[in-house]
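Participant: predicted model and sequence below, questions to follow.
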Amino acid sequence: MKKLLLALFLVGTFGVQAQTMTQEEMQAQIASLTEEVNTLKQKGTTWDKITKALPKISGYVMGRYTYNGDESSFRLRRVRVSLAGDLTPKLDYKFQAELSSFKLLDAYFNYKPFDELKIKAGQFKVPFTIENTNYTPTKMILMDHPMVLDRLVGSSETVGETTFSNTGRELGIDIHGTLFGGILNYDVAVFNGAGLNVKKDDNKSKDVVGRLMLNPVKGLTVSGSYYWGESSGDFFTRERWSVGAVYDSKHLLVRAEYVGAKTDVEDEELDQEGWYALAGWKFNDKWTVAARYDSFTDDTEFRSETEQANYTVGVAWKPFKFIRLQANYVHEDRMEGKGHRNVGMVQATVSF
């Protein structure tokens, strides 16, 4: 707008002066004005390029109150800050840190020469299951992931004496892309498999992941993924596989996934599995309700003693663009000997 007003002012000034100018003076004045306008355009283009190259700063603060009969607690659940941007039209990047207990979560570059072939390198979400990558904490209708994602996708997974607390992320390279006009998405990835912020792997092998996501119609995704890896120290191998589907439309959300696992620890095999089914209704941009059943079996050989089922209902309210309030009730039918437990939670998220 400022450029347009300046140009109009110059043209108006020129119009008044033109009445007393000779033809040569008029041509010189036109040339001078043209040069000034071109200079302004060039400055605007340069500034636009500079601002576009600057990283976009975003993040959120998530606070929670939990009551379960034995415990009443406030907790600062997440405090995250992200820097993201485009270095070129074909190269973007993202850095994200958790500040409540400092962790570098994401640190990657994504090269996109074609829609069909992209290369992501650094630390980022493992392309395993739908929920791990497609439903971030600010997009989740219910406040927590189902048990099977926590226990088998590296959020709170324990194998022998090794505990993974990597929020579903690893350090590696992912070749991914979209085929057939968006009908099929694929990922083929290689990771260290050693956890977050680990500079080097602890063995000579690498963890491998593959995932296919089929999108036959708008809103519907069917997915299958596979993970294999090993670790030294208390040597073990991990094998994971999943199948799932989601239908996410303007109002209706339905999602279900199954994850199976086989872990070999010092020649002893442990088989685990879990699944969940979620249904939600989005009344509008402000109100959403949802219910979920999820089950996890820590050892299928002793299913009756190691199986837990959770029943969760929740509501989410977004009164303002940057504020989200949630309330969840969870009934836990816990493993043998632990009985039942009822948990109530409320959570507030402020984004920026």
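Facilitator: That came in fine, so what should we check first?

Participant: how about the contacts made by the closest residue to residue 297 other than its chain neighbours?
Facilitator: Sequence neighbours aside, residue 307 is the residue nearest to residue 297 in space, at 4.5 Å (criterion: C-beta to C-beta, 6 or more residues apart in numbering). Bear in mind the C-beta positions are built from the backbone N, C-alpha and C, glycine included. Residues in contact with residue 307 (C-beta atoms under 8 Å, 6 or more residues apart in numbering) are 295, 296, 297, 298, 335.

Participant: can you give me the buried ones in stretch 266-275?
Facilitator: Taking 16 or more other C-beta atoms under 10 Å as the basis for neighbour counts, the residues of stretch 266-275 that come out buried are 270, 272, 273, 274, 275.

Participant: may I have that stretch as CSV, with CA atoms only?
Facilitator: What follows is stretch 266-275, C-alpha atoms only, in CSV (Å, rounded to 0.1, in the frame of the first residue of the first chain):
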residue,chain,number,x,y,z
GLU,A,266,19.4,-63.0,25.5
ASP,A,267,17.7,-65.8,23.6
GLU,A,268,14.4,-65.3,25.5
GLU,A,269,11.4,-64.3,23.4
LEU,A,270,8.8,-61.9,24.6
ASP,A,271,5.6,-61.4,22.5
GLN,A,272,3.5,-58.3,23.2
GLU,A,273,0.5,-56.8,21.5
GLY,A,274,-2.1,-54.0,21.8
TRP,A,275,-4.8,-52.2,19.9
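
Participant: list the residues that contact the most centrally placed residue in the chain.
Facilitator: With distances taken as C-alpha atoms, centre = their mean, the residue of the chain nearest its centroid is residue 136 (4.4 Å). Applying C-beta under 8 Å, 6+ apart to residue 136 gives no contacts.

Participant: circling back: pipe the contacts of residue 307 into a markdown table and attach neighbour count, pLDDT and distance to residue 201 per row.
Facilitator: Converted to a markdown table, the contacts of residue 307 look like this (neighbours: other C-beta atoms under 10 Å; pLDDT from 0 to 100; distance: C-beta to C-beta, whole Å):
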| residue | neighbour count | pLDDT | distance to residue 201 |
| --- | --- | --- | --- |
| 295 | 18 | 97 | 33 |
| 296 | 23 | 96 | 28 |
| 297 | 24 | 95 | 30 |
| 298 | 19 | 91 | 27 |
| 335 | 17 | 80 | 34 |
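
Participant: of these, which belong to strands?
Facilitator: Among those, the members found in strands (DSSP state E) are 295, 296, 297.

Participant: how about residue 37, secondary structure?
Facilitator: Secondary structure, DSSP: H, G, I helix; E, B strand; the rest coil: residue 37 is helix.

Participant: where do the helices sit along the stretch 251-352 of the chain?
Facilitator: 303-306 (DSSP state H, counting those that start in this stretch).

Participant: strands of that one, start to end?
Facilitator: Shown for the stretch 251-352 of the chain, the strands assigned by DSSP state E, counting those that start in this stretch span residues 252-265, 268-282, 287-297, 307-320, 323-333, 340-351.

Participant: between those strands, which one is nearest to residue 154?
Facilitator: Residue 154 lies closest to strand 252-265 among the strands of the stretch 251-352 of the chain, at 11.5 Å (C-beta to C-beta).

Participant: buried set for that closest one?
Facilitator: 253, 254, 255, 256, 257, 258, 259, 260, 261, 262, 263, 265.

Participant: okay, who's weakest in these by pLDDT?
Facilitator: Checked by pLDDT, those have residue 265 as the lowest-scoring entry (77).

Participant: I'd say that one and residue 236 touch.
Facilitator: Yes - here residue 265 reaches residue 236: they are 4.3 Å apart, a contact under C-beta atoms under 8 Å.

Participant: before we move on, the earlier item: okay, the residue nearest to residue 297: pLDDT?
Facilitator: pLDDT, residue 307: 94.

Participant: residue 288 versus that one, what's the distance?
Facilitator: 30 Å (C-beta to C-beta, to the nearest Å).

Participant: again with residue 338
Facilitator: 31 Å.

Participant: could you pull out the helices for the stretch 101-250 of the chain?
Facilitator: For the stretch 101-250 of the chain, the helices defined by DSSP H, counting those that start in this stretch cover 131-134, 147-152.

Participant: show me what the longest one is packed up against.
Facilitator: Contact analysis of helix 147-152 by 3 or more C-beta pairs under 8 Å, 6 or more residues apart in numbering; DSSP states H and E lists strand 252-265, strand 268-282, strand 287-297 as its packing neighbours.

Participant: tabulate those (CSV), appending distance to residue 328.
Facilitator: Formatted as CSV, those follow (distance: least, C-beta to C-beta, whole Å):
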stretch, distance to residue 328
strand 252-265, 16
strand 268-282, 12
strand 287-297, 9
